[in-house]
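Participant: For reference, the sequence and a predicted model appear below.
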Amino acid sequence: MLSGRTTLTKFAVEQLRGHPGQHDLVTLLSKVASAIKTIAAMVSKGALDGNLGSLGTENALGEIQKKLDVVSNEVMVSNCEWSGQLCGMASEEMVSPYAIPQQYPKGEYLLVFDPLDGSSNIDINMSVGTIFSILHNGSNETPAESNFLQAGTQQLAAGYALYGPATMLVLTLGQGTHCFTLDRDSGNFVLTHRNLKIPAQTSEFAINTSNARFWEPPVARYVKECKEGASGPLGRDFNMRWIASMVAEVHRILMRGGIFMYPRGGKDAAQPDRLRLLYEANPMAMLIEQAGGMATTGRQRILDIPPEQLHQRVPVILGSRDEVKRVIRYHTEHDTGIDRPFVSPLFQERSLFTQDC
Ligand code: AHG
Ligand code: MN
Ligand code: MN
């Protein structure tokens, strides 16, 4: 049945041939894929195994953990800790880095992950995912938190699994973005979409508009123009989507284009940014760039951000090039003041015409 099909392992061996870490990286990817298959099986059971609902505990970011957040984290750790490629892991669900236990051999790599992304969807049987990123530690010494604080450009591999109608694994090793579909009969991830390319243009945007009152003016301007459609400055009608799972949004964009935004400005004033740099924004930015798209905060390329903290959050705007470039331009025009019509100081004092868009 597998003749003519390329499995994830075969693909990784071929792409990494000649890489000094080929053997370790292929083994590590196969451990991550095993964990993903286990999480897929658990998620697909729905309420049958009593795994739905909240635990009532909080993660490193003060968010209430779902049972499946914690179980998925344990599955990732237990699948990847023993085979000798890693010296540490970090996750959304662990406050501090996880050191590989004494009894296991250690390797030079670091695994960073969001074990269950979009977990607010889990109890309503909507799409969720797992996001991961592989970094080089340079030695097999137990890493400090600072070892994980590498810019996204340093990632050796990045990927996600989407637990949708089909379970898919999307991967980049720095040579394009490729998509594998889980064949539940053989248990293999089979290459089904090689070298994904995001169209530069799109008429589909994704943003949580319930946060609109907190957005910065450049994002408010762009979304307003999308909604004005053919009668506004963009000159064409747009569609809007919001799945509340970044994995599902990014997957749609990789398949048919679009722009996804989780910009600065949320309902929690103490945490103006939503998505986490190391295990959400960076791996997704690498996948998007490798497919010809762009990923930015609006003011900086995501992959160039020097991380300062393990659970650091950043604004995220990613997807089809032309639209992401437009949003970057709106930020520049706002920051330099050229999007603002001339207003006499007299009027400004009276608070008239001071809106930016
Ligand atoms: P997580 O479930 O890992 O905490 O991540 C959820 C993230 C992301 O996937 C999604 O884009 C966003 O949160 C959804 O946010 P809203 O609740 O504002 O829709
Ligand atoms: Mn997430
Ligand atoms: Mn999560």
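Facilitator: Here it is on my side, so go on. Numbers count the residues shown, from 1 in each chain. Ligands and ions are numbered 1, 2, ... in the order given.

Participant: Going by C-alpha atoms from here, please, whenever you check contacts or count neighbours.
Facilitator: OK.

Participant: what's the domain layout of the chain?
Facilitator: Using automatic domain parsing, the domains assigned to the chain come out as 8-193, 204-336.

Participant: Save those as TSV, and put in mean neighbour count and mean pLDDT too.
Facilitator: Compiled in TSV, the domains of the chain are given as follows (neighbours: other Cα atoms under 10 Å; pLDDT from 0 to 100):
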stretch	mean neighbour count	mean pLDDT
domain 8-193	19	95
domain 204-336	20	97
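
Participant: So which bits of the stretch 201-350 of the chain are right by ligand 1?
Facilitator: 208, 244-246 (Cα under 6 Å from any ligand atom).

Participant: does the nearest residue to Leu68 once chain neighbours are set aside count as helix, strand or coil?
Facilitator: Setting aside the residues directly before and after it, Leu68 is nearest to Asn51 in space (Cα to Cα, 6 or more residues apart in numbering), at 6.2 Å. Going by DSSP: H, G, I helix; E, B strand; the rest coil, the secondary structure assigned to Asn51 is coil.

Participant: And the strands in the stretch 51-200 of the chain, which stretches?
Facilitator: 54-58, 64-66, 86-91, 98-99, 109-117, 128-136, 157-163, 167-172, 177-183, 188-193 (DSSP state E, counting those that start in this stretch).

Participant: Next, Pro233: phi, psi?
Facilitator: The phi and psi torsions at Pro233 (degrees, to the nearest 10) take the values phi -70, psi -20.

Participant: Go ahead and confirm it touches Lys227.
Facilitator: No. Applying Cα atoms under 8 Å, one finds Pro233 not in contact with Lys227, separated by 10.4 Å.

Participant: which one is Tyr330 nearest to, not counting chain neighbours?
Facilitator: With sequence-adjacent residues excluded and distances taken as Cα to Cα, 6+ apart, Tyr330 is closest to Pro218, at 5.1 Å.

Participant: what does Leu275 give?
Facilitator: Going by Cα to Cα, 6+ apart, Leu275 has Arg313 as its nearest residue, at 5.3 Å.

Participant: Please, where are all the strands along the stretch 201-350 of the chain?
Facilitator: When assigned using DSSP E, counting those that start in this stretch, the strands of the stretch 201-350 of the chain occupy the ranges 204-206, 239-240, 259-262, 275-276, 294-296, 313-314, 316-319.

Participant: ok, Tyr163 - contacts?
Facilitator: Applying Cα atoms under 8 Å, 6 or more residues apart in numbering to Tyr163 gives the contacts 40, 43, 127-129.

Participant: Tell me the residues on the stretch 1-150 of the chain that lie near ligand 3, please.
Facilitator: The stretch 1-150 of the chain comes close to ligand 3 at residues 114, 116-117, as judged by Cα under 5 Å from the ion.

Participant: of these, closest to Ser133?
Facilitator: Ranking these by separation from Ser133, with Cα to Cα as the measure, puts Asp114 on top at 9.3 Å.

Participant: isn't the closest one right next to Ile131, touching?
Facilitator: Yes. At 5.1 Å, Asp114 and Ile131 qualify as touching, with contact defined as Cα under 8 Å.

Participant: any idea how far Met246 is from Ile259?
Facilitator: Look at Ile259 and Met246: by Cα to Cα, to the nearest Å, they are 12 Å apart.
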